[in-house]
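>>> What shape does this take:
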Amino acid sequence: MANSKVHLQRPTGSTPLAETHSDSHSKSHSHGHHPSSQAELKPLALSFALISSFMLVEILTGLWIGSMALLSDGIHMVFDAFALGMALVASQWSLKKPTIQKSFGFRRFGVLAAFSNGWFLLFLSGLIVWSSSVRLLHPQIINPVAMLSVASLGLLINLFVLGLLHGKNSLNMRAAFLHVLADSLSSLGAIAAALIIRYTGWMQIDALLGLIFSLLIAWAAIGLLRNSGHILLEGSPAHLKPDEIRASMENFDQVESIHDFHTWTMDGSDLYVTAHLVLKTGPDSEDRVLNQINHSLQHLHQATHITLQIDRNPDPACVNNCQAP
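A predicted model of the protein is given here:
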């Protein structure tokens, strides 16, 4: 369970209330450190080194034997190396402490890297579509033995890198994983093309498979852009429903209404909740009600950052982004 912090703010137009804070607020939130970012550094660094070393081998071999599938796989590895480098820098920056000007820290760097990688994937798929279309119209003779050898080695390296990146939950790491997965599919396509050319002599299969796998790359890129764009627009975590979170707060008998309600996430792995509450008069103190709601948000929805404010005379038409009554 994630630790969180609840703020009891001064109600508008009333006498001040005491502010209460939870002493268990974790250092990962108060100082901007994120354990997942630290765990990402070593696998990302090793993946970057392996992909960067082999991409030149594939590109030079593809140019030498004239294989579009192998050349596109090598070009894809260039983008993989760039994407992994961006992900590595993003993970390093995510560990930096918040500053006065950037009080939320730098954890959004991973999401920005994922968003950028999504556009690079789309550009890559378009490049392969164009190149493959030209090669379909003008097929060239290819050396299948050299193509098979290099593509097989590339696939082994990609599979090893996938093992390093597998199981990491941040959007930044999922973006890097998708890049390498798409490259693994390209390597498989190059191997299949080499075998078909070797035993049938059908040269167009090289470009045809490059065209098919480029569509798979585009599909992965669109999903990555959708997820990272959702976070950049302050969307709620994809696996949660804000209406259910709000309903769970309204289920408390002491809560009369909720307005100016917001949920969002910094990097897809945490949950921020802010709300203005109107409470019914009764025997329960405001502190006790807020503590109960805070406990519920932590346990039911794994909220990591909670800010609740008591309002006395809210505008009944207010839902979100309300002005002070």
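>>> Longest strand in this protein, please.
strand 255-264 (DSSP state E).
>>> What's the first helix or strand after it?
For strand 255-264, the following helix or strand on the C-terminal side (DSSP states H and E) is strand 272-279.
>>> show me the contacts for Glu234.
By Cβ atoms under 8 Å, 6 or more residues apart in numbering, the contact list for Glu234 reads His262, Trp264. For every residue, glycine as well, the C-beta is placed using N, CA and C.
>>> quick one: what helix or strand has it in it?
According to DSSP H and E, Glu234 maps onto no helix or strand at all.
>>> ok, it to Thr265 distance?
Distance, Glu234 to Thr265, using Cβ to Cβ, to the nearest Å: 8 Å.
>>> what about Ser131, is that helix, strand or coil?
helix (DSSP: H, G, I helix; E, B strand; the rest coil).
>>> so it makes contact with Gln140?
No - contact criterion Cβ atoms under 8 Å: Ser131 and Gln140 do not qualify, at 12.0 Å.
>>> Counting neighbours, go ahead and name the busier of the two.
Shown here are Ser131 and Gln140; by other Cβ atoms under 10 Å, Ser131 has more neighbours (18 against 12).
>>> pLDDT wise, what is that one at?
Here the pLDDT value assigned to Ser131 is 77.
>>> And it, how close does it get to Asp73?
Ser131 is 12 Å from Asp73, by Cβ to Cβ.
>>> just Glu250 next, same as before
Glu250 is 54 Å from Asp73, where distance means Cβ to Cβ.
>>> Between the two, which is the more surrounded one?
Asp73 (35 against 14).
>>> what mean pLDDT does the helix or strand containing that one have?
Using DSSP H and E, Asp73 maps to helix 68-94. Helix 68-94 shows an average pLDDT of 74 in the prediction.
>>> Please name every helix or strand in contact with that helix.
Contact partners of helix 68-94 among helices and strands, from 3 or more Cβ pairs under 8 Å, 6 or more residues apart in numbering; DSSP states H and E: helix 35-65, helix 108-137, helix 144-165, helix 171-200, helix 204-232.
>>> Check which residues of the third one are buried.
It refers to helix 144-165. Neighbour counts using 16 or more other Cβ atoms under 10 Å place 144, 146-148, 150-151, 154-155, 157-158, 161, 164-165 of helix 144-165 among the buried residues.
>>> List every C-alpha atom in stretch 231-240, with coordinates, as CSV.
Only the C-alpha atoms of stretch 231-240 are listed here, as CSV (Å, rounded to 0.1, in the frame of the first residue of the first chain):
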residue,chain,number,x,y,z
ILE,A,231,-1.1,11.2,-18.9
LEU,A,232,0.3,14.5,-20.3
LEU,A,233,-3.2,15.8,-20.4
GLU,A,234,-3.6,15.1,-16.7
GLY,A,235,-5.8,12.0,-17.2
SER,A,236,-6.6,9.5,-14.5
PRO,A,237,-4.6,6.2,-14.4
ALA,A,238,-6.0,4.0,-17.2
HIS,A,239,-7.0,1.2,-14.9
LEU,A,240,-9.1,3.4,-12.6
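>>> Please point out which parts of it sit buried.
Buried residues in stretch 231-240, counted by 16+ other Cβ under 10 Å: Ile231, Ser236, Pro237.
>>> The first one contacts Ala113, correct?
Put plainly, it is Ile231. No - shown here, Ile231 and Ala113 do not form a contact pair, counting by Cβ under 8 Å, at 11.9 Å.
>>> nearest to Ala194, of the buried residues of stretch 231-240?
Ile231 (40.4 Å; Cβ to Cβ).
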